[in-house]
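Need coordinates for the below:
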Amino acid sequence: MKATWQGKIIADSDKTLEVGGYVYFPRDTVRMDLLKIAPKTPSDLECPHGVQFYDVIEGGTKSPRAAWSYEAPQAKMKSVDHWVGFWEDVTVS
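From the prediction side, this is the model:
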């Protein structure tokens, strides 16, 4: 599977996992150089899985909070611990 943003592949892996309707990519298959840590909101701080959102950024163009990772997942999300999910402007196919 691939995650694409503005025609650029930002993740590519044949070992993705689907959990809760979202596809997660192993971190080592993600172009982390295109992701910038987004500030945590009050609802992020309430997440029981320790969510960290990322803005997708390149060349002055930004898609806010279009990627995320669980940094301290509880049992039901443990399989995607530190993996990266995408939504919003990022197409996963």
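
Show me where the protein dips below the pLDDT cut-off.
Along the chain, no part satisfies pLDDT under 70.

Which parts of it are strands?
With strands called from DSSP state E, the chain shows them at 2-5, 8-12, 17-19, 22-25, 35-37, 51-58, 61-70, 84-86, 91-92.

So which of those is the most surrounded?
Here the criterion is mean neighbour count by mean count of other C-beta atoms under 10 Å, and of the strands of the chain the winner is strand 84-86, at a mean of 25. C-beta here means a position set from N, CA and C on the backbone, and glycine is covered the same way.

partners of that strand in the sheet?
Note on strand 84-86: by DSSP bridges, its sheet partners are strand 22-25 (antiparallel), strand 61-70 (antiparallel).

Mind checking those for the one nearest to residue 14?
With C-beta to C-beta, the closest approach to residue 14 among the strands paired with strand 84-86 belongs to strand 22-25: 10.4 Å.

coming back round to it: next, format the strands of the chain as a markdown table and append distance to residue 77.
Conversion of those to a markdown table gives the following (distance: least, C-beta to C-beta, whole Å):
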| stretch | distance to residue 77 |
| --- | --- |
| strand 2-5 | 19 |
| strand 8-12 | 18 |
| strand 17-19 | 7 |
| strand 22-25 | 9 |
| strand 35-37 | 19 |
| strand 51-58 | 10 |
| strand 61-70 | 5 |
| strand 84-86 | 10 |
| strand 91-92 | 18 |
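
Looking at those, which is nearest to residue 45?
Nearest to residue 45 among those is strand 51-58 (9.0 Å), distances taken as C-beta to C-beta.

The strands of the chain: which one's closest to residue 78?
The minimum distance between residue 78 and those falls on strand 61-70, with 8.7 Å, by C-beta to C-beta.

Reformat the strands paired with strand 84-86 as TSV; add distance to residue 31.
Compiled in TSV, those are given as follows (distance: least, C-beta to C-beta, whole Å):
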stretch	distance to residue 31
strand 22-25	10
strand 61-70	10
